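Asker: Sequence unavailable; structure follows:
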């Protein structure tokens, strides 16, 4: 029954019929293959109305180092004075065979040069945020200043270039101005204290702010330099009260020098916090009449300072009461 029809031949393939003996099937498969190719092309093609600029852009090439000589062709004024800059040592750093210096801070300059000096293609600290500038500087100086991020200066957005002039400074540490002039630009209260009758000789140039403070951050208050014995900040100069003593004065060991002295300046001799030595001592020691101790008349404690007898007030090797 209708055994010669193509449909019958199609079923006969399951019984081992050759493809060449079925021209109808061959045509059918070719049509099916062509339809599949058309569908695949349609799916791969962008939707109608899609513009060329909607396609992902090709990533831009990375900038390359061009060398300091190339930088000098436009920035001759900077390059001329850079020979004495401490940053010239970067040319001797391991792996810096090309002697790159400018681009260590400003970034690779090939795109900046190709753009005719396009300022958007180079890192300019003058236009960057304090945080970005600090990150750039700390990429080299983090070992020397590991605590800068926790310092009051960093928290107040006082960045590296707030105090340092990388290109134009003549100071050893590239400061914009010498100490204490630079520090006084912000710390006006301390400037007044150094003008008091009794003061550490900072204005006279014998002491620098950085002798006591690490402006790049410490674990102490007010950026005071960290030492095993915090009194060492003072006793490195005031060696006569350094100790150790057989009999230590507890406030000196526990609270430190600042419990009695104002470090920058004072209206009182010896930079004391109070004009009267007795009033200062009586903050811890209940007021007593010297009559109970020496047999002297009443009121003598107000007339004679405590240190007339308690001479070794910072500590003594011979007397627990710090008597002379």
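Answerer: On my side now, so go ahead. All of these numbers come straight from a predicted model, not from anything done at the bench.

Asker: list the contacts for the residue positioned nearest the centre of the chain?
Answerer: For the chain, the residue lying nearest the average C-alpha position, counting by Cα atoms, centre = their mean, turns out to be residue 148 (4.0 Å). With contact taken as Cβ atoms under 8 Å, 6 or more residues apart in numbering, residue 148 is in contact with 134, 138, 154, 216, 217. Yep, even glycine has a C-beta here, placed from its N, CA and C like the rest.

Asker: Can you flag which of those belong to helices?
Answerer: With helices defined by DSSP state H, the entries of those inside them are 134, 138, 154.

Asker: Of these, keep whichever come out buried.
Answerer: Among the ones in helices among the contacts of residue 148, the ones that count as buried by 16 or more other Cβ atoms under 10 Å are 134, 138, 154.

Asker: pLDDT score assigned to the residue nearest to residue 246 when sequence neighbours are not counted?
Answerer: If the residues on either side of it in the chain are set aside, residue 246 comes closest to residue 317, at 4.6 Å by Cβ to Cβ, 6 or more residues apart in numbering. Per-residue confidence (pLDDT) for residue 317: 95.

Asker: Is residue 317 in contact with residue 247, as I believe?
Answerer: Yes: under the criterion of Cβ atoms under 8 Å, residue 317 lies in contact with residue 247, with a separation of 7.2 Å.

Asker: Just want to know which of the two has more residues nearby.
Answerer: Under the criterion of other Cβ atoms under 10 Å, the comparison of residue 317 against residue 247 puts residue 247 first, with 13 against 10.

Asker: OK, contacts around that one?
Answerer: Neighbour list for residue 247: 315, 316, 317, 319, 320, 322 [criterion: Cβ under 8 Å, 6+ apart].

Asker: Show me how to select, in ChimeraX, the buried members of those residues.
Answerer: Burial among the contacts of residue 247 is assessed by 16+ other Cβ under 10 Å; the matching ChimeraX selection reads:
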select :315,316,322
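
Asker: between the contacts of residue 247, which is nearest residue 176?
Answerer: Here the nearest of the contacts of residue 247 to residue 176, counting by Cβ to Cβ, is residue 315; it sits at 42.4 Å.

Asker: Run through the bridge partners of the closest one.
Answerer: Residues found in beta-bridge contact with residue 315 (criterion: DSSP bridges) are residue 248.

Asker: Isn't it up against residue 248?
Answerer: Yes: in this structure, residue 315 is within contact of residue 248 by Cβ under 8 Å, at 5.1 Å.

Asker: Would you double-check that residue 189 falls in a strand?
Answerer: No: read with DSSP: H, G, I helix; E, B strand; the rest coil, residue 189 is helix and lies in no strand.
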